[in-house]
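In: my questions concern the predicted model and sequence given below.
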Amino acid sequence: MTTAPRTPPTIDDTLASLNRAGWRDPIICRDDHRMGPYPNFLRALWIAWRRLEQYYFCSDVYPLESVQPAYCLVVQDDIDISVGLKAHLTDRPPRQDGITSLYTSAAFGKLPDGLHDASHNHGRWPTSCGALALVFPWWIATRFLHNAPMPHKQLAADYWISRWCRDNKIPYWIHAPSFVKHTGAVSSLDNPNTNHHWRQCRSWLPEVGGEPERMHYHQGHRKT
């Protein structure tokens, strides 16, 4: 999990939400020195990838030979996530051919229930994804970390990740309804910068298998 100083703080609520979802011991990457969202995301992904590598090295099972698909999950510190989601992803593993976002921005419009490849939504790609909770299969995490974009401007992690997917023809999967709700007070996706505009989902699942909750948002002007 990536975190940085913010007002009001949201990390405790996010940790409690992750616990209800099934993740009880997340690694926390604190950006106390303000390196920026994207570098901190890269650090968190590398730590998760390295931990996975060490696990499979000790178990003498190569990640691609594992019966249970291996993946890295990186989340931000300002989310609410569906109760029981980890068990759901164990029963129905994330797609192995692309990156899966557990958060689906309202910017993608009204979508039928189920998985969608966001890279086909050309009108809003790749600028409005929101890197709140991203699942990287092991092989894609490996490839991304060895060839990640290194922009001078260290902001907009969602843009650079989705841009990498587009350039490398890697699907970027989103789910309707969203498995994640944004709880932070500010955003970099819209103007004005609040989570009540594009940086919110249209609807989300408070609990896997439950009824979706409709979110209130406004269609703010997206940055270009």
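Out: Okay, I see it. All figures in this text were calculated on a predicted structure; none of them were measured in a lab.

In: got the buried residues for the longest helix anywhere in the chain?
Out: In the chain, taking DSSP state H as the definition, the longest helix is helix 37-59. Neighbour-count burial for helix 37-59, counted by 16 or more other C-beta atoms under 10 Å, picks out 37-42, 44-46, 48-49, 52, 56. To be clear about C-beta, it is placed using only N, CA and C from the backbone, and glycine gets the same treatment.

In: what of stretch 131-145?
Out: Under the neighbour-count criterion of 16+ other C-beta under 10 Å, stretch 131-145 has 131-138, 140-142, 144 buried.

In: reformat those residues as TSV; add pLDDT, secondary structure and distance to Gly98.
Out: Formatted as TSV, those follow (pLDDT from 0 to 100; DSSP: H, G, I helix; E, B strand; the rest coil; distance: C-beta to C-beta, whole Å):
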residue	pLDDT	secondary structure	distance to Gly98
Ala131	90	coil	15
Leu132	94	coil	17
Ala133	96	strand	15
Leu134	97	strand	11
Val135	97	strand	9
Phe136	96	strand	9
Pro137	93	strand	8
Trp138	90	helix	13
Ile140	95	helix	7
Ala141	95	helix	12
Thr142	93	helix	14
Phe144	96	helix	11
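
In: now do the helix or strand following the longest helix of the chain: everything it contacts.
Out: For helix 37-59, the succeeding helix or strand toward the C-terminus, using DSSP states H and E, is strand 71-75. Identification of contacts with strand 71-75 by C-beta atoms under 8 Å, 6 or more residues apart in numbering yields 1-2, 14, 18, 23, 26, 41, 44-45, 48-49, 52, 81, 93-94, 102, 131-138, 141, 180.

In: could you report the neighbour count for the closest residue in space to Gly130 that isn't next to it in sequence?
Out: Leaving out its chain neighbours, the residue that sits closest to Gly130 by C-beta to C-beta, 6 or more residues apart in numbering is Ser105, at 4.7 Å. Residues contacting Ser105 under the criterion other C-beta atoms under 10 Å number 26.

In: and Ser105, backbone torsions?
Out: Main-chain torsions, Ser105, degrees, to the nearest 10: phi -60, psi 150.

In: so for it, what pLDDT did the model give?
Out: We have a pLDDT of 89 for Ser105.

In: let me have the buried residues of stretch 131-145 in TSV, extended by distance to Trp160.
Out: Shown next, in TSV, are these (distance: C-beta to C-beta, whole Å):
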residue	distance to Trp160
Ala131	9
Leu132	15
Ala133	17
Leu134	12
Val135	17
Phe136	14
Pro137	19
Trp138	20
Ile140	15
Ala141	15
Thr142	17
Phe144	10
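
In: farthest-apart pair in these, please.
Out: Leu132 and Thr142 (22.5 Å; C-beta to C-beta).

In: and the residue nearest to Gly130, how close does it get to Val83?
Out: Ser105 is 21 Å from Val83, where distance means C-beta to C-beta, to the nearest Å.

In: show me what contacts the spatially most central residue of the chain?
Out: For the chain, the residue nearest the mean C-alpha position is Ala133 (2.1 Å; C-alpha atoms, centre = their mean). Ala133 sits next to 73-76, 79, 81, 101-103, 179-180 when contact means C-beta under 8 Å, 6+ apart.

In: same thing with Ala87?
Out: Counting by C-beta under 8 Å, 6+ apart, Ala87 has contacts 22, 208.

In: beyond the helix or strand harbouring it, next helix or strand please.
Out: Here Ala87, judged by DSSP H and E, is contained in helix 85-91. Scanning forward in sequence from helix 85-91 by DSSP H and E, the next helix or strand is strand 99-101.
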